[in-house]
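Visitor: structure of the sequence below:
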Amino acid sequence: MRSQEEWDNFYKREIVPTEPSNFCQFIMGQNIKARSVIDLGCGNCRDSVELAKRYITTAVDSACPAPDNNVIKIMRCDWKDAKDIIRQTDIVYSRFFLHSISNEEIIELMKITTGYFCAEFRIDGDRPTLYTDHDRNLISWPWIIQLTKDLCYNVIVAKYGRGMAKYGGEDPLVGRIILKKTI
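Guide: From the prediction side, this is the model:
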């Protein structure tokens, strides 16, 4: 996994998209009734800005370059430093973040989520061709689906495949889930 310094350097040298991701547009199209969202691994806040059009938004990333926006609360920290906010937030949103943490951390995150859990992530079988300079935890699809059952989530959307997160000539194998905690 990349260090904070490596991510800081990445955002200084790379031109990254600023428009909302396909996944963010998909989530916004679901019309989830909620008040607040936390965007874990927000990167350059491209999805946070869009989410803030509908929800009170907190953006969390250890290397987040702050956008010129006073609508989003930005926390430049590890996700574990935001646990109290995660517990109080209606929607936990993560795009391309779960595959940057361990399975144990995914379990911990899903346990403390109290409302909706919306995630897009690379899954086992993906072969990254862009940004290959850091490790990824390619998540087992059967494992994550079983985890949703074990942790008492209702599955609203659960699908995987290609064609959902194309970027720069890459078409990664990803999973998408929208879950709602039942207890």
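
Visitor: helices along this structure, start to end?
Guide: Along the chain, counting by DSSP state H, helices occupy 4-13, 22-28, 46-51, 83-88, 103-112, 141-150.

Visitor: please name the nearest non-neighbouring residue to residue 174.
Guide: residue 165 (5.0 Å; CB to CB, 6 or more residues apart in numbering). Every C-beta, even on glycine, is put in place using the N, C-alpha and C of the backbone.

Visitor: residue contacts, that neighbour?
Guide: When the contact criterion is CB atoms under 8 Å, 6 or more residues apart in numbering, the partners of residue 165 are 21, 22, 23, 96, 120, 171, 172, 174.

Visitor: ranking those residues by neighbours, who comes first?
Guide: Within the contacts of residue 165, most neighbours by other CB atoms under 10 Å means residue 120, with 26 neighbours.

Visitor: residue contacts, the closest residue to that residue other than its chain neighbours?
Guide: Computed as CB to CB, 6+ apart, the closest residue to residue 120 that is not its neighbour in sequence is residue 23, at 4.2 Å. Residue 23 sits next to 47, 95, 120, 164, 165, 176 when contact means CB under 8 Å, 6+ apart.

Visitor: need phi/psi at the fifth one.
Guide: The phi/psi pair for residue 165 (degrees, to the nearest 10) reads phi -140, psi 40.

Visitor: returning to what we had before: and the gap between the residue nearest to residue 120 and residue 97?
Guide: 11 Å (CB to CB, to the nearest Å).

Visitor: likewise for residue 52?
Guide: Computed as CB to CB, the residue 52 to residue 97 distance reads 18 Å.

Visitor: same check, this time on residue 163
Guide: Distance, residue 163 to residue 97, by CB to CB: 20 Å.

Visitor: when the two are compared, which one has more neighbours?
Guide: With neighbours defined as other CB under 10 Å, residue 163 and residue 97 compare such that residue 97 has more, 22 against 10.

Visitor: for the closest residue to residue 81 other than its chain neighbours, give me the pLDDT.
Guide: Among residues not flanking residue 81 along the chain, residue 75 sits closest, at 7.2 Å (CB to CB, 6+ apart). pLDDT, residue 75: 91.
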